[in-house]
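Student: next come a sequence and a model predicted from it.
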Amino acid sequence: MNIESVDRGLAGLNPPQRRAVLYDGGPLVVFAGAGSGKTRVITHRVAHLVAERGVAPWNVLAVTFTNKAAAEMRERLERLVGPGARDLWVGTFHATCARLLRRYAKEIGIARDFSIYDDGDTRAMIKRVVADLALDERRWDPKYVAGRIARAKQEVQAPDAMELGSAVEEPLRSIYTRYEEKMRAANALDFGDLIYRMVVALETDAGLRAELSQRFRHLLVDEFQDTNQAQYRLVRALGASHRQLTVVGDDDQSIYRWRGADRRNLLAFRDEFSEAATIKLEQNYRSTQRILRAANAVITRASDREPKELWTDNPEGPKLTVLGCEDDRREAQLIVHAVEELRGAGRGLDEIAIFYRIHAQSRGVEEALRAANVPYRIVGGMRFYDRAEIKDLLAYLRVVANPADDVSLLRILNVPARGIGKRSIEVLLDLAASRGGGVYEAIAATVAEGGAAAKKLAPFVGLIEALRRQKAEGAPLAALGYAAYADSGYEGWLNEQDSPDADARKQNLLELLGAMQLAQEDDAELDLAGFLERVTLDAGDQAEGEEGEKLTLMTVHAAKGLEFPVVIVAGLEEDTFPFRRTQEPLDVEALEEERRLAYVALTRAEERLLLTWARVRRFFGRDVRYMTPSRFLLELPAQDVSFAGIAPTRAATRPSPAAWIEPPARRPRAAPGDSYVDRSEGTDEGGGAYVGMKVRHGKLGLGRIVRLDRTSPPRAAVDFGDGGLRTIQLSYLSPA
DNA sequence: GGATTTTTTCTTTTT
DNA sequence: GAAAAAATCC
């Protein structure tokens, strides 16, 4: 990573960078190409405002998208501005809004101690809503519904304004409505709410708008091409009056369309703030000529981009390497070989990063690295705070902090087991519904009434009450956490199990308690709600083990904003990168985003770039699929690339989709009731199945095959009529 | 009611 | 190949 030797003052800045730092005339748009010193411009601009123009630090708000970016910005600002940097408002959109929502809870009309629901909690809530409304969970899959509600919030659409594809989607609106009611009852906000609620509050309450515009006299937004509608409106509401707005972005690096981001916001901003000045940063300080040419070759094929030409004074550098491998295991091995070679040549492990398109690709590489004893760390992925035991303990704490938090309550009510089973929970839910209150109140009422049910519930109520008392008495965070861990019986439960798995869980929980203690030592003001907010909004990297030089593994998305001397990008195959969901066509917009993502990947590299692909890839540990090289590989400038292993030619192209479909050749030879495939044999190509054949599935009943997939094991898409179209392994089907 | 075994599904990308 | 869901056993 670059060392900033001349970070102080303006000496280290080139003319456009300097203009961006010093600009003093209202709204400013900075188009900042990859590696053009964007963060440096933002931090220097903030420092300039505070040090030279006499702006108070607490009047400056700088917004980023990721916690990583926010942390880096804060760190650099502390170096530039000194202790005053502590009073700057620097944070992600979500964290900033959460902070404001708590501070202005009263004005906005929410309770200050709200819980923040992550995707899992949100889905659990939607599941309950779908059940409440007696809708079919298969049709209204909580994950899908959550996506739709999230999108509505990104577009600032209340339930009655929700956009629907057609009338058959009408239930979505009911689900959304009911969901909002239940969230309010649970005193909970989801990720989308944090922005959405803040926007609505600002747009409807002129007083609040005036106050916050006054507070944030200068507003800077990083990665503006990744803003969605709600975030755009938030920025507008805060900045429209004083117009001291600086937005920085690069339409070529817009990679969050799926999260509602609209890269046209960058252009929309220029229209709306028509007096805005535009400054383009086009000199790249990061990469070699070759790397930049390769990246440019990929991005110039994108359509509809703001014209710009990235250039560099850096040396030509070595050629890129493209490595074709037989299969994914070999790919992982060869990557590890390359890493060891680089190490032998004097590279530190912290100078090397491996990127992949999806997290699932990490496993293979991890195995090879472990086998070779190469230390590594993974950014993102299965996060520490996603582990079941961690979420359990946090759920206890959330119930303590927010009595109305039903989702957390239901999570832990019977964990560890207290004899409160499905039936009892149903009764409690009914009781809560009929009393019109929360589940906890229903439990308390049941206990007060006495009787058989009360016997099992009373200790639980006692536990929660005791914890609440400790919290009210000002117990330190870690003490509260330990009390929840020990007194809930969780500790004893794990002790009983005496398995390696239980030991690992104990270890994780102790780590969480340690983290609580550290967090409070760091910030004495931090209360329980604040801690819970932090762990929800900043899932953090997996717990850092022992220190030391480590190789970094992450998705390309996680890599945005970072740079490494050596970058290895794995899995450059069609359908892997560019990614395509099985059976879904890759639409033009999605492909464009994959292209920008590839551009992001390539532009992370300073000196060396190794791109790998595998001809065969295994999925789900079993499926085998034949891959073809990514189109992005084929687009690289030949003079800048050296090829190793299997050559990536178009000739290696996959058989056309038609060839994938088994021709309707043989008639079924099996008698009804037989299975087509011996279930111990995963290699059978599909026996006598053919398109159009009638089949029976144990659960789904009768259906007709509409497509055969020559995967291993073979699968078929089967139309079950009312049951819908499903893709199922042939081994689960029998002739009908 | 709860624990244990088996079956089934699941893979973008993140706050 | 792991996590979630379902089925089965105690």
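Tutor: Looks like it came in fine. Numbers count the residues shown, from 1 in each chain, chains lettered A, B, ... in the order given.

Student: so A:Thr321 touches A:Leu636, yeah?
Tutor: No. With contacts defined as Cβ atoms under 8 Å, A:Thr321 does not count as touching A:Leu636, sitting 10.8 Å away. (C-beta placed from N, C-alpha, C; glycine too.)

Student: how about the residues of the stretch 151-300 of chain A by DNA strand B?
Tutor: For the stretch 151-300 of chain A, the contact set with DNA strand B under Cβ under 7 Å from any atom of the strand comprises A:191-192, A:255, A:258-259.

Student: burial of the nearest residue to A:Asp205 once chain neighbours are set aside, as a residue count?
Tutor: Among residues not flanking A:Asp205 along the chain, A:Glu107 sits closest, at 6.8 Å (Cβ to Cβ, 6 or more residues apart in numbering). Using other Cβ atoms under 10 Å, A:Glu107 has 12 neighbouring residues.

Student: pLDDT score for A:Glu107?
Tutor: Looking at A:Glu107, its pLDDT stands at 93.

Student: tell me who's in contact with it.
Tutor: By Cβ atoms under 8 Å, 6 or more residues apart in numbering, the residues touching A:Glu107 are A:201, A:205, A:207-208.

Student: could you say which helix or strand contains A:Arg330?
Tutor: helix A:328-344 (DSSP states H and E).

Student: same for that helix, what does it pack against?
Tutor: With contacts taken as 3 or more Cβ pairs under 8 Å, 6 or more residues apart in numbering; DSSP states H and E, helix A:328-344 sits against strand A:320-327, strand A:352-356, helix A:362-371, strand A:564-569, strand A:605-619.

Student: for the record, mean pLDDT for the longest one?
Tutor: Per-residue pLDDT values across strand A:605-619 average out to 94.

Student: one more: the second one?
Tutor: Model confidence over strand A:352-356 averages 96 on the pLDDT scale.

Student: now tell me what touches the lengthiest helix in chain A from outside.
Tutor: Determined from DSSP state H, the single longest helix within chain A is helix A:500-522. Here helix A:500-522 makes contact (Cβ under 8 Å, 6+ apart) with A:384, A:387, A:389-390, A:393-394, A:476-478, A:480-482, A:485, A:490-491, A:494-495, A:526, A:531, A:534, A:543.

Student: so which of the residues you listed are in helices?
Tutor: A:389-390, A:393-394, A:477-478, A:480-482, A:485, A:490-491, A:494-495, A:531, A:534.

Student: tell me which two of these sit farthest apart.
Tutor: A:Asn495 and A:Arg534 (29.2 Å; Cβ to Cβ).

Student: pick out whichever of these two has more residues nearby.
Tutor: Between A:Asn495 and A:Arg534, A:Arg534 has the larger neighbour count (other Cβ under 10 Å), namely 20 against 11.

Student: how about the more buried one, what does it touch?
Tutor: A:519, A:526.

Student: so for stretch A:50-70, mean pLDDT?
Tutor: Rounded mean pLDDT across stretch A:50-70 is 92.

Student: gap between it and the chain center?
Tutor: 24 Å (Cα atoms, centre = their mean, to the nearest Å).

Student: endpoints of it, how far apart?
Tutor: Using Cα to Cα, to the nearest Å, the end-to-end distance of stretch A:50-70 comes to 18 Å.

Student: check stretch A:631-647 too.
Tutor: First-to-last residue span, stretch A:631-647, Cα to Cα: 13 Å.

Student: and that stretch, how far from the chain's centre?
Tutor: Using Cα atoms, centre = their mean, the offset of stretch A:631-647 from its chain centre is 31 Å.

Student: ok, now stretch A:354-374?
Tutor: Distance, centroid of stretch A:354-374 to centroid of chain: 19 Å (Cα atoms, centre = their mean).

Student: now swap in stretch A:74-88 and tell me
Tutor: The answer for stretch A:74-88 is 28 Å, by Cα atoms, centre = their mean.

Student: over to stretch A:31-44?
Tutor: Per Cα atoms, centre = their mean, the centroid offset for stretch A:31-44 relative to its chain is 24 Å.

Student: same check on stretch A:81-94?
Tutor: That offset, for stretch A:81-94, works out to 24 Å (Cα atoms, centre = their mean).

Student: touching DNA strand B at all, that stretch?
Tutor: Yes. Between stretch A:81-94 and DNA strand B, judged by Cβ under 7 Å from any atom of the strand, the touching residues are A:92-94.

Student: equivalent analysis for stretch A:472-489, please.
Tutor: No. Judged by Cβ under 7 Å from any atom of the strand, stretch A:472-489 stays clear of DNA strand B, getting no closer than 10.7 Å.

Student: list of residues touching that stretch?
Tutor: Applying Cβ under 8 Å, 6+ apart, the contact partners of stretch A:472-489 are A:393, A:396-397, A:400, A:412, A:416, A:418, A:463, A:466-467, A:470-471, A:490-492, A:509, A:512-514, A:516-517, A:519-520, A:526, A:528, A:531.

Student: now which of the residues you listed would you call buried?
Tutor: Using 16 or more other Cβ atoms under 10 Å as the burial test, those include A:393, A:396-397, A:400, A:412, A:418, A:463, A:467, A:470-471, A:490-491, A:509, A:512-513, A:516-517, A:519-520, A:526, A:528, A:531 as buried.

Student: these: which ones sit near DNA strand C?
Tutor: Within those, nothing lies near DNA strand C by Cβ under 7 Å from any atom of the strand.

Student: which parts of the stretch 1-150 of chain A sit against DNA strand B?
Tutor: So the stretch 1-150 of chain A meets DNA strand B at A:65-68, A:92-95, A:118-119, A:143 (Cβ under 7 Å from any atom of the strand).

Student: apply 6 Å and report the result again.
Tutor: A:65-67, A:92, A:94-95, A:119 (Cβ under 6 Å from any atom of the strand).

Student: just the stretch 501-650 of chain A next, same as before
Tutor: Residues of the stretch 501-650 of chain A lying near DNA strand B (Cβ under 6 Å from any atom of the strand): A:537, A:539, A:555, A:557-558, A:579, A:581, A:619-620.

Student: which residues touch the closest residue to A:Trp58 other than its chain neighbours?
Tutor: Distances taken as Cβ to Cβ, 6+ apart put A:Asp87 closest to A:Trp58, at 4.6 Å, once the chain neighbours are dropped. For A:Asp87, the contacting residues are A:56-58, by Cβ under 8 Å, 6+ apart.

Student: what's the closest of those to A:Ala11?
Tutor: So of the contacts of A:Asp87, ranked by how close each gets to A:Ala11 (Cβ to Cβ), first place is A:Pro57, at 23.3 Å.

Student: any idea how far the nearest residue to that closest one once chain neighbours are set aside is from DNA strand B?
Tutor: Once flanking residues are discounted, A:Pro57 sits nearest to A:Asp87: 3.9 Å by Cβ to Cβ, 6+ apart. A:Asp87 sits at a distance of 21 Å from DNA strand B (criterion: Cβ to the nearest atom of the strand, to the nearest Å).
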